[in-house]
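**Student:** would you be able to build a 3D model of this:
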Amino acid sequence: MSRSAAASIGGITDFDARAKTVLASVASDIALGHALEVGGTPTCFINGVLARNDGGRTLFRPEEVRLALEAELARVNASLAQTCNS
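**Tutor:** Below you'll find the predicted structure:
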């Protein structure tokens, strides 16, 4: 991004002063994405677990996400019911 674009689009007037900090933040985000096995966007995590389909592909289609959420809700509800009945 050029300095003029940063200024006109983002209102950034101190480009040189902020560049190192922003680039370090971006590098940190990229490293975190790799550590979490994020391969692209969107990537869906459900209760902190990377949601994948049976083929190992991350979930992208709304129907896949809905089914995964329903399965997780059923799992959590069963666990809570077991805990409350103990």
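**Student:** with adjacent residues omitted, what lies nearest to the residue positioned nearest the centre of the chain?
**Tutor:** Closest to where the C-alpha atoms of the chain average out (C-alpha atoms, centre = their mean) is T43, at 5.5 Å. Nearest residue to T43, sequence neighbours excluded (C-beta to C-beta, 6 or more residues apart in numbering): T58, at 5.4 Å. C-beta: built from backbone N, CA, C; applies to glycine.
**Student:** looks to me like the residue nearest to the centre of the chain is in a helix.
**Tutor:** No - counting by DSSP: H, G, I helix; E, B strand; the rest coil, T43 falls outside a helix, being coil.
**Student:** how close does it get to V65?
**Tutor:** For T43, the distance to V65 equals 11 Å [C-beta to C-beta, to the nearest Å].
**Student:** state the distance from T41 to C84.
**Tutor:** To C84, T41 is 38 Å away according to C-beta to C-beta.
**Student:** ignore what I typed, I meant S2.
**Tutor:** On the measure of C-beta to C-beta, S2 and C84 end up 60 Å apart.
**Student:** now do A7
**Tutor:** A7 sits 58 Å away from C84, going by C-beta to C-beta.
**Student:** of those two, who's got more company?
**Tutor:** A7 (14 against 7; other C-beta atoms under 10 Å).
**Student:** the more buried one is in contact with R18, isn't it?
**Tutor:** No - using C-beta atoms under 8 Å, A7 is not in contact with R18, being 11.5 Å away.
**Student:** helix, strand, or coil at T13?
**Tutor:** coil.
**Student:** for it, which non-adjacent residue is spatially closest?
**Tutor:** Closest residue in space to T13, ignoring its immediate chain neighbours: A7 at 5.9 Å, by C-beta to C-beta, 6+ apart.
**Student:** buried residues in the strand or helix carrying the one you found?
**Tutor:** Per DSSP states H and E, A7 falls inside helix 3-10. Within helix 3-10, the residues scored as buried using 16 or more other C-beta atoms under 10 Å are A6.
**Student:** and it, what does it pack onto?
**Tutor:** helix 15-35 (3 or more C-beta pairs under 8 Å, 6 or more residues apart in numbering; DSSP states H and E).
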